[in-house]
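J.: what follows is a predicted protein model with its sequence.
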Amino acid sequence: MTASDPARPIRLSRSDHKTLGLAALGGALEIYDFIIFVFFALTLSQLFFPPEMPEWLRLLQSFGIFVTGYLARPLGGIVMAHFADHLGRKKVFSLSILMMALPCLLIGIMPTYADIGYAAPLVLLGLRILQGAAVGGEVPSAWVFVAEHAPQGRRGYALGFLQAGLTFGYLLGALTATLLAQLFTPQEILDYAWRYPFLLGGVFGVIGVWLRRWLSETPVFLALRERRDAVVELPLRTVLREHRAALLPAALLTCVLTSAVVVLVVITPTVMQKQFGIDAGHTFALSSMGIVFLNIGCVLAGLLVDRIGAWRALVIYCLLLPLGIAGLYASLIGGWGWPGLAYAVAGLACGVVGVVPSVMVGLFPAKIRVSGISFTYNIAYALWASTTPLLLIALMPWSPWVCVGYCLVMGMVGVGVGTAMVFGRKAEVSLGRVAVTEL
């Protein structure tokens with residue numbers, strides 16, 4: 001049975017649910033460690049840069065350190081993917097969470113600019129680079145780990161559920177920020193309470209490492225190893241030599257996925273405070289609602305993948321993406337309706353985040369799958385996520401509709417890639433079939 005088989009899909013066993021749940025929860029804790037930085041970007045900009053620096057420049061530099069974590073993803077992802085294809089998915093899958101948690105803990109205890117001057121932002125930058133390397137290995141390994149464990153016909157749902165788990169890490173960050181905004185005054189957060197979310201991230205890391213002790217290696221990798229087919233002398237070389245046709249669609253779809261996350265989770269909460277004057281507590285509450293519905297959207301998108309195929313589901317959700325973001329910003333700009341409802345609808349419309357993994361996993365064969373995904377995903381994500389937040393923030397004073405136009409362009413890119421793979425030239429159609437059936 002394939003992912004697009006109309007027959008009734010195989011039910012997930014108790015073991016499948018356990019594996020999926022542990023993978024998703026561990027991923028959520030790791031993503032929390034990575035994303036918590038952005039929820040306190042305004043606070044960190046005041047703590048780690050000179051007070052005489054203009055506020056907009058401090059915020060821009062704070063976001064610059066945040067996006068540097070994305071730039072470090074390719075190196076960490078490529079190296080860790082090499083060992084995942086050689087030694088197994090589980091080992092690398094467990095290592096990445098430890099590499100994420102330790103820098104998060106160190107951020108929580110490190111001195112600020114008032115204590116050590118310009119060394120503070122430099123140390124912060126170094127820790128973010130380590131976190132970027134860790135998340136670069138986490139996401140591709142997680143996709144492959146879950147896809148190779150899930151039964152045929154249920155892999156779209158499994159990957160959608162995993163993405164919901166990963167985005168749940170964003171929700172943990174938003175809820176933590178909301179709680180702090182309610183429990184402490186802005187001055188108390190600036191004085192000491194900003195450290196608590198990062199210290200909590202260290203605890204989450206320990207829990208995540210412990211949880212992943214109970215995971216087992218994927219049946220696909222075990223079968224490859226039994227056939228002595230698991231070792232490729234250099235997986236990345238094989239990707240670049242034999243699977244170049246898959247690189248461009250994989251990179252473009254990564255940019256589409258990135259755009260949804262960047263606008264919904266990274267940019268909009270900051271814009272709501274700076275551009276629309278919404279207080280931090282209300283902003284974080286609205287953001288939390290949006291992320292809850294993003295989680296739901298990922299699962300629904302995965303179910304749709306199993307029903308109609310990955311590429312067709314991709315086209316549908318790429319059309320929904322700009323519509324959902326347009327409704328959100330229309331609510332903010334016009335001041336009409338309920339922004340919470342608009343944020344919820346936008347979260348559902350960003351379900352493309354739950355579709356793209358199903359496409360990506362099907363683009364590369366098993367023995368070089370992690371390396372193929374990691375190379376394209378991390379390079380594209382690094383370039384796109386490191387530049388677009390800064391660009392969108394810089395352009396926001398020019399027009400508050402910038403994020404809507406950006407999502408419209410990226411949605412059309414996704415529609416173009418999807419339709420080309422399904423209805424285009426013979427070679428592209430052939431590649432599209434691999435993406436749908438090889439899962």
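T.: Structure's in. What do you need?

J.: show me the contacts for Leu190.
T.: By C-beta atoms under 8 Å, 6 or more residues apart in numbering, the contact set of Leu190 is Thr43, Gln46, Leu47. For the C-beta atoms, the positions are set from N, CA and C on the backbone; glycine is no exception.

J.: out of the residues you listed, who's the most crowded?
T.: The most crowded member of the contacts of Leu190 is Leu47, carrying 22 neighbours; neighbours defined as other C-beta atoms under 10 Å.

J.: and whatever helix or strand Cys318 lives in, what's buried?
T.: Element membership of Cys318 [criterion: DSSP states H and E] is helix 310-334. For helix 310-334, the neighbour count (16 or more other C-beta atoms under 10 Å) marks 310-332 as buried.

J.: stretch 194-209 too?
T.: If you call a residue buried by 16+ other C-beta under 10 Å, then stretch 194-209 has these buried ones: Trp194, Arg195, Tyr196, Pro197, Phe198, Leu200, Gly201, Gly202, Phe204, Gly205, Gly208, Val209.

J.: thinking again about what came up before, average model confidence for the helix holding Cys318?
T.: For helix 310-334, mean pLDDT is 92.

J.: re the thing from before, show me which of the buried residues of stretch 194-209 is closest to Val422.
T.: Gly208 (37.8 Å; C-beta to C-beta).

J.: wait, what's in contact with that closest one?
T.: With C-beta under 8 Å, 6+ apart, Gly208 has these contacts: Leu25, Gly26, Leu29, Glu30, Ile97, Ala101.

J.: does anything pack onto the strand or helix carrying the fifth one? Which helices or strands?
T.: In the assignment (DSSP H and E), Ile97 maps to helix 89-109. Packing partners of helix 89-109 (3 or more C-beta pairs under 8 Å, 6 or more residues apart in numbering; DSSP states H and E): helix 14-39, helix 73-87, helix 119-149, helix 195-211.

J.: and the angle for it with helix 195-211?
T.: For helix 89-109 against helix 195-211, the angle between stretch directions is 160 degrees (axes from the mean of the first three to the mean of the last three C-alpha atoms, to 10 degrees).

J.: closest to Ile267 out of the contacts of Leu190?
T.: Thr43 (17.3 Å).

J.: on the pLDDT front, check Tyr381 for me.
T.: 83.

J.: could you do the one 10 residues further on as well?
T.: Reading off the per-residue confidence, Leu391 sits at a pLDDT of 85.

J.: so what's Val146 up against?
T.: Thr19, Leu20, Ala23, Arg155, Ala158, Leu159, Leu162.

J.: run through the stretch 201-350 of the chain and note the low-pLDDT ranges.
T.: Counting by pLDDT under 70, the stretch 201-350 of the chain shows low-confidence ranges at 212-233, 337.

J.: show me where it has its helices.
T.: With helices called from DSSP state H, counting those that start in this stretch, the stretch 201-350 of the chain shows them at 219-226, 235-242, 247-261, 268-274, 280-308, 310-334, 339-349.
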